[in-house]
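Enquirer: need coordinates for the below:
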Amino acid sequence: MDGASDGAIHDVVVLGAGFAGLYAARCCAMATPDAPTRPGASGGEATRRRDFEALRCVVLEASSEVGGRVKVTRDVAPWDVNLGPEFLHGDENSVLKRFVDHCGFACAEKEWPDRYYLGDDKALLSAEQAETTNADVKLVHELFDNLPGAPGDGDKDVTALEWLTKTVAAPERVIKLAENIYANDFCASLGKLGMRELIEEKKGWIYGEKYLVLDRPLREVALALADGLDVRLNWEIERVDYSQPGLVRVVRRGGKDVITARKCIVSLPITALRGGNAKNRVEFIPRLPAAKTRAAEAIAMGNAAKIFIGFNKILWPSDMFDVVCTNCFLPEFWITEYPKSPLAREAKTSEEAERIAQTVGLVTFFIAGDLANEIDKMEEKVVFDRAIEQLDMIFNVPCKEHVTTKKIVSWSRERLVQGAYTHPTVNAGNSRTLLAASISDTLFFAGEATHTGVNPCLQGAMETGARAVAQVRAAVFGVGSSKL
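Expert: Residues are numbered from 1 along each chain as shown. Now for the predicted structure:
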């Protein structure tokens, strides 16, 4: 819903309706029977607090829909197509998987990748073939499956590229594979991936290795998370005033609307906390501590782009899912299909509508890091022509005559985000811990960038929302919490 000032003083205001913010709001509403009684409470108040009365929470979202980076487009296929996150990464210890199961949504397990296209050899191989017969593919997986121990506190952090070239002395072919398989997945180029955080993520990964594809777009998970919550859409934040003890006033951009709460959970993209960023920066009164803003500037967010190409004929093996491509223009693509959506397509002309209706298959190229930035600067026609030529080689059929729809999306151009997700960063130090710390037991921070396990996946974002609410409850009920 759209919302203005409501005159109420809420227990908690959550800034941002991405997965972190939405899950935080749900956690606010959850009863916790074994929660501590507020010190000094007695009688009915004590009983009510033992039962842990749900915190009254409102969520403010700048865009016109919930989900944050979980978005869809309706102009390339008869089904809703994911613009942001596409898959569930792991099915163990995952709050996201538990929520999806609770909703009754089904998942299909996929192998990632299930194929490799080796451009030098012009060979399309199954993952099993490539990983058992190709020495380069075997070596790159061995290297990343057996990362070294994290550098000591006094040791210099290095990039993944430096590690591969200087420490491991990996062949150039293996480095190219690592760029396409691992760096692309981490949303950065090898020369910008920090080994200390890369190792930290590997060490803290407890979710299993399965790739799961939902039976519906991820936006439906966002809608399920938002169900029953008080979410105010089109509510872009200009400033957050927490100068008065025990009270936070959030002011809407371009107007006089104000939401007041006792506690505030900030689940905005990291770019909104950076001082030099004019596009989506939020003003805090008083200013955020210097340690907080330095942390927001120290953690790097990578760019990512998706190139969608629709077809009126299935030109690929029916079981093809994800292909990593070496010595090609684009490093990776996948093929997914969802049930047709009952919602109207976003066609500008009748011809576009017809092309969308004719689409029976969709190829999604995923590009991250430096190459994504290069794609941003290229003419779209050149990008599409080269992408289709790459598919010609891989599928061994002329594809152009079967193309129906085309679209490029770059996350660097999304004003409210200005990137895709954070990645293991060189010399990040304890920046994520500093970013996650509360301020004066009044401001609390969530979002994938605050995950101290360096987990930018959706379940990681949700975990930070739960952690922020635990900090809020600790502050409300008189238990100590981590703060600046």
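
Enquirer: and residue 315, helix, strand or coil?
Expert: Following DSSP: H, G, I helix; E, B strand; the rest coil, residue 315 is assigned to coil.

Enquirer: what's the burial count for it?
Expert: Residue 315 sits with 18 neighbouring residues when counted by other C-beta atoms under 10 Å. C-beta coordinates here come from the backbone N, C-alpha and C atoms, glycine included.

Enquirer: how much space separates it from residue 157?
Expert: 45 Å (C-beta to C-beta, to the nearest Å).

Enquirer: before we move on, what about residue 165?
Expert: Residue 165 sits 16 Å away from residue 157, going by C-beta to C-beta.

Enquirer: list the contacts for the residue lying closest to residue 442 once chain neighbours are set aside?
Expert: Nearest residue to residue 442, sequence neighbours excluded (C-beta to C-beta, 6 or more residues apart in numbering): residue 242, at 5.0 Å. The contact partners of residue 242, by C-beta atoms under 8 Å, 6 or more residues apart in numbering, come to 248-249, 264, 284-286, 439-440, 442-443.

Enquirer: tell me the least confident of those residues?
Expert: Among the contacts of residue 242, residue 440 has the lowest pLDDT, at 94.

Enquirer: what's the neighbour count on that one?
Expert: 13.

Enquirer: also residue 235?
Expert: For residue 235, using other C-beta under 10 Å, the count is 24.

Enquirer: do residue 305 as well
Expert: If we define neighbours as other C-beta under 10 Å, then residue 305 has 23 of them.

Enquirer: what bridges to it?
Expert: Beta-bridge pairing of residue 305 under DSSP bridges involves residue 367, residue 410.

Enquirer: picking that back up, so of the contacts of residue 242, which ones are in strands?
Expert: Among these, the members falling in strands (DSSP state E) are 248-249, 264, 284-285, 443.

Enquirer: quick one: low-confidence parts of the stretch 101-250 of the chain?
Expert: 150-154 (pLDDT under 70).

Enquirer: can you show me the strands along it?
Expert: Taking DSSP state E, counting those that start in this stretch, the strands of the stretch 101-250 of the chain run over residues 107-110, 115-118, 123-126, 211-214, 231-232, 237-241, 248-252.

Enquirer: of those strands, which approaches residue 176 most closely?
Expert: Comparing these by their distance to residue 176 (C-beta to C-beta), the top pick is strand 115-118, with 10.5 Å.

Enquirer: so what strands line up beside that closest one?
Expert: strand 123-126 (antiparallel), strand 322-326 (parallel).

Enquirer: buried deepest among those strands, which one?
Expert: Stretch with highest mean neighbour count among the strands paired with strand 115-118: strand 322-326 (a mean of 23; mean count of other C-beta atoms under 10 Å).

Enquirer: name the helices or strands packed onto the helix or strand following that strand?
Expert: Next in sequence after strand 322-326, counting helices and strands by DSSP states H and E, comes strand 332-335. Contacts defined by 3 or more C-beta pairs under 8 Å, 6 or more residues apart in numbering; DSSP states H and E place strand 332-335 against strand 322-326, strand 361-368.

Enquirer: any chance of those strands in a markdown table, plus mean pLDDT and distance to residue 275?
Expert: Below are the helices and strands packed on strand 332-335 laid out as a markdown table (pLDDT from 0 to 100; distance: least, C-beta to C-beta, whole Å):
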| stretch | mean pLDDT | distance to residue 275 |
| --- | --- | --- |
| strand 322-326 | 95 | 38 |
| strand 361-368 | 98 | 26 |
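
Enquirer: what residues are up against the nearest residue to residue 204 once chain neighbours are set aside?
Expert: Computed as C-beta to C-beta, 6+ apart, the closest residue to residue 204 that is not its neighbour in sequence is residue 453, at 3.7 Å. Counting by C-beta under 8 Å, 6+ apart, residue 453 makes contact with 200-201, 204-205, 460.

Enquirer: ok, residue 86 next?
Expert: So residue 86 contacts 213, 218, 334, 336, 364 (C-beta under 8 Å, 6+ apart).

Enquirer: equivalent analysis for residue 357, please.
Expert: Residue 357 touches 78, 345, counting by C-beta under 8 Å, 6+ apart.

Enquirer: and the strand or helix carrying it, how far from the chain's centre?
Expert: Using DSSP H and E, residue 357 maps to helix 350-358. Counting by C-alpha atoms, centre = their mean, to the nearest Å, helix 350-358 is centred 31 Å from the centre of its parent chain.

Enquirer: what's the mean pLDDT across that helix?
Expert: So the average pLDDT for helix 350-358 ends up being 97.

Enquirer: please point out which parts of it sit buried.
Expert: Neighbour-count burial for helix 350-358, counted by 16 or more other C-beta atoms under 10 Å, picks out 352, 355-356.

Enquirer: then stretch 231-245?
Expert: Neighbour-count burial for stretch 231-245 [16+ other C-beta under 10 Å]: 231-233, 235-237, 240-242.

Enquirer: if we can go back for a sec, which among the buried residues of helix 350-358 gets closest to residue 54?
Expert: Relative to residue 54, the closest of the buried residues of helix 350-358 is residue 356; by C-beta to C-beta it sits at 43.2 Å.

Enquirer: quick one, what contacts that closest one?
Expert: Taking C-beta under 8 Å, 6+ apart, one finds 75-78, 310, 345, 347, 404-405 in contact with residue 356.

Enquirer: can you tell which of the strands of the stretch 101-250 of the chain is closest to residue 409?
Expert: strand 211-214 (19.3 Å).

Enquirer: name the helices or strands packed onto that closest one?
Expert: Applying 3+ C-beta pairs under 8 Å, 6+ apart, we find strand 211-214 packed against strand 88-89, strand 107-110.

Enquirer: pairing partners for the last one, with directions?
Expert: It stands for strand 107-110. In the sheet, strand 107-110 lines up with strand 211-214 (antiparallel) (DSSP bridges).

Enquirer: tell me the bridge partners for the closest residue to residue 123 other than its chain neighbours.
Expert: The shortest distance from residue 123 to any non-neighbouring residue, by C-beta to C-beta, 6+ apart, is to residue 117 (7.3 Å). With DSSP bridges applied, residue 117 shows beta-bridge pairing to residue 124, residue 325.

Enquirer: just to revisit the earlier point, tabulate the contacts of residue 242 (a markdown table), appending distance to residue 387.
Expert: Below are the contacts of residue 242 laid out as a markdown table (distance: C-beta to C-beta, whole Å):
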| residue | distance to residue 387 |
| --- | --- |
| 248 | 47 |
| 249 | 49 |
| 264 | 44 |
| 284 | 43 |
| 285 | 47 |
| 286 | 49 |
| 439 | 46 |
| 440 | 51 |
| 442 | 49 |
| 443 | 44 |
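
Enquirer: now rank these by neighbours and give me the top one.
Expert: residue 264 (27 neighbours).

Enquirer: okay, and the beta partners of the closest residue to it other than its chain neighbours?
Expert: Nearest residue to residue 264, sequence neighbours excluded (C-beta to C-beta, 6+ apart): residue 248, at 4.3 Å. Judged by DSSP bridges, the bridge partners of residue 248 are residue 261.
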